[in-house]
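Peer 1: what's the 3D shape of this:
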Amino acid sequence: MTDLQMSGIDSVLSHGTIEVRDLAATRRFFENFLGLKVIQPLPVAIYADGGGGWQLVCVRSGLKMKKQSRHNRFCLHVESEAMVKQAQVAAEQLRDQYDIREVGPIEQVDGAIRFILQDLNNVWWEISARTKRPLN
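Peer 2: Presented below is the predicted three-dimensional model:
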């Protein structure tokens with residue numbers, strides 16, 4: 001029960017929106033590095049779909065991108081610990097190709113292995129895999 005009663009209507013979080021500096025470069029990073037499906041329905045925006053029915057809408061805003069906190073990030077879950085480690089190595093090797101600003105170390109946190117990286121738009125990404133089931 002919520003304070004807002006919308007009888008007969010199911011609420012679903014459909015998308016979030018971020019600003020990006022360069023649509024083409026962002027699309028390359030999303031498709032080729034993160035493995036997201038991307039479409040461009042508008043000249044000034046791309047939509048990224050990573051599964052799960054939720055999309056990230058990216059709107060071109062220009063060259064000045066605001067700094068983001070590491071706590072303000074998107075999480076991409078992969079199948080295994082090995083995939084997280086491979087992604088971290090690839091992020092280091094492909095920094096210049098995708099204009100990756102920062103790549104963090106591998107960490108074990110709360111039953112997950114992860115690392116974070118900051119992309120060309122100052123957006124932080126966490127790539128993680130569960131190493132054990134969380135408590136129910």
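Peer 1: all helices of this protein, in order?
Peer 2: Assigned by DSSP state H, the helices in the chain fall at 23-28, 81-93, 95-98.
Peer 1: hmm, who's touching stretch 97-105?
Peer 2: 25, 28-29, 32-33, 88, 91-92, 94-95, 115-120, 122 (Cβ atoms under 8 Å, 6 or more residues apart in numbering). Any C-beta I mention is one placed from the backbone N, CA and C, and that applies to glycine too.
Peer 1: Please repeat the previous calculation with a cut-off of 10 Å.
Peer 2: 21-22, 25-26, 28-30, 32-34, 65, 70, 87-95, 114-127 (Cβ atoms under 10 Å, 6 or more residues apart in numbering).
Peer 1: Now the terminal residues of it, how far apart.
Peer 2: 20 Å (Cα to Cα, to the nearest Å).
Peer 1: hang on, Leu56 packs against Glu19?
Peer 2: No - the pair Leu56 / Glu19 is not scored as a contact, 11.6 Å apart, by Cβ atoms under 10 Å.
Peer 1: Which residues are in contact with each of these two?
Peer 2: Contacts common to Leu56 and Glu19, judged by Cβ under 10 Å, 6+ apart, are Val123.
Peer 1: These two - which one has more neighbours?
Peer 2: Leu56 (18 against 15; other Cβ atoms under 10 Å).
Peer 1: what residues are up against the more buried one?
Peer 2: Leu56 neighbours (Cβ under 10 Å, 6+ apart): 15-18, 30, 36, 38, 46-50, 74, 123.
Peer 1: mind checking how far it is from Asp96?
Peer 2: 24 Å (Cβ to Cβ, to the nearest Å).
Peer 1: do the same with Val78
Peer 2: With Cβ to Cβ as the criterion, Val78 and Asp96 are 23 Å apart.
Peer 1: neighbour count winner among these two?
Peer 2: Looking at Val78 and Asp96 with other Cβ under 10 Å, you find the greater number of neighbours at Val78, namely 17 against 7.
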